[in-house]
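**Q** Sequence plus predicted model, see below.
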Amino acid sequence: MFIEKLSRLNHTKGYLCLGLDPVQELMPTHYRGIKGVETFCIEMIQASAPYICAIKANLAYFEQFGADGIFMLERIKAHIPENTLWILDAKRGDIGNTSERYAKALFNILQADAVTVNPYLGKDSVEPFLNHSEKGVFLLALTSNQGAYDFQFHGNPPLWQQVILQSKNWGHSNLGYVIGATKTEELKIARALADEKPFLIPGIGAQGGSLEHAVRDGLQGGKVAGLINVARGILYASVETDYLTAAAKAAKQWYDEIQSYLEK
């Protein structure tokens, strides 16, 4: 099962997740076109491999290339190291029949170990994903962007809390939550509400989220399973000729810092 596998990898490989959000304008200049993006992603995976337990590919960055982008994603998956989770950041969510097709595409065709899902349409829009009991499903609860305040903090309790409170009782053991590290005070509240369900925590690094709070409050110092996602802080650590060395060094630094907070 996904959460058991995640927990096992946390104990053997740590909590760092490499975010694959390839932006050509930020890459070294010789990476151009679809082939350049593919090569860049593969080399970043190889450079960071010793320090990561998961890879989270944001589908939008690949879907923008059409069918060729999907084929590229499938080829990239072939380079994922053993005992490394493959997470597709798709943020899908629709009425039940449509979600069933989304789930088949993400789990059966693109072979994701876990996906992100938008729960706005409610339980029947999420269950087609949850019914793949061996896979992981991370519901968007509290996102890292500034626009989260437009809707997620409205209501009593706030909408983001209602997502956790209602969904955790749906009876599925493969459920987790996306909780943004930029919402420092809310991380602790989210952990109390979610019991021991795993968090996928974005917003570290370029977005300014606190790694210390993410580990201390989101992961309870390593007592619960989870992932801390870093993308730009590794992918674009350098655009000079040392970019691969810089990426590996950055991944190690993130890994070491997470470990240091775990030990505290």
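**A** Received, thanks. Residues are numbered from 1 along each chain as shown.
**Q** just the helices in this structure please.
**A** For the chain, the helices defined by DSSP state H cover 2-13, 33-48, 60-63, 67-77, 96-103, 123-130, 148-151, 159-167, 184-194, 211-213, 232-235, 243-263.
**Q** Excluding its own residues, what touches stretch 120-133? List them.
**A** Stretch 120-133 has contacts (C-beta atoms under 8 Å, 6 or more residues apart in numbering) with 1, 92-96, 99-100, 102-103, 106-107, 115, 117, 119, 135, 137, 139, 166-167, 170, 172-175. Where you see a C-beta, it was placed from the backbone N, CA and C, and this is true even at glycine.
**Q** cutoff 6 Å now
**A** With contacts defined as C-beta atoms under 6 Å, 6 or more residues apart in numbering, stretch 120-133 is touched by 93-94, 96, 99-100, 103, 107, 117, 119, 137, 172, 174.
**Q** Same question for stretch 203-222.
**A** So stretch 203-222 is contacted by 144, 180-182, 184, 187-188, 191, 199, 201, 226, 228, 230, 232-233, 257-258, 261-262 (C-beta under 6 Å, 6+ apart).
**Q** Please save the CA atoms from it in CSV.
**A** C-alpha atoms of stretch 203-222 as CSV (Å, rounded to 0.1, in the frame of the first residue of the first chain):
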residue,chain,number,x,y,z
GLY,A,203,6.2,26.0,-0.9
ILE,A,204,9.7,25.5,0.5
GLY,A,205,12.6,27.5,-1.1
ALA,A,206,11.6,30.0,-3.8
GLN,A,207,8.1,30.5,-2.3
GLY,A,208,9.6,31.2,1.2
GLY,A,209,8.1,28.5,3.3
SER,A,210,9.8,27.4,6.5
LEU,A,211,11.6,24.1,6.3
GLU,A,212,11.9,23.9,10.0
HIS,A,213,8.2,24.4,10.6
ALA,A,214,7.4,21.9,7.8
VAL,A,215,9.5,19.2,9.5
ARG,A,216,8.5,20.1,13.1
ASP,A,217,4.8,20.6,12.6
GLY,A,218,3.9,19.0,9.2
LEU,A,219,5.9,15.8,9.8
GLN,A,220,5.9,16.0,13.6
GLY,A,221,9.7,15.6,13.5
GLY,A,222,9.4,12.4,11.5
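**Q** List the buried residues of it.
**A** For stretch 203-222, a neighbour-count test (16 or more other C-beta atoms under 10 Å) marks 203-205, 207, 209-211, 213-219, 222 as buried.
**Q** With stretch 193-202 instead?
**A** Buried residues in stretch 193-202, counted by 16+ other C-beta under 10 Å: 193-194, 197-202.
**Q** hmm, who's touching it?
**A** 3, 6, 138, 144, 164, 175-181, 214, 218, 224-229.
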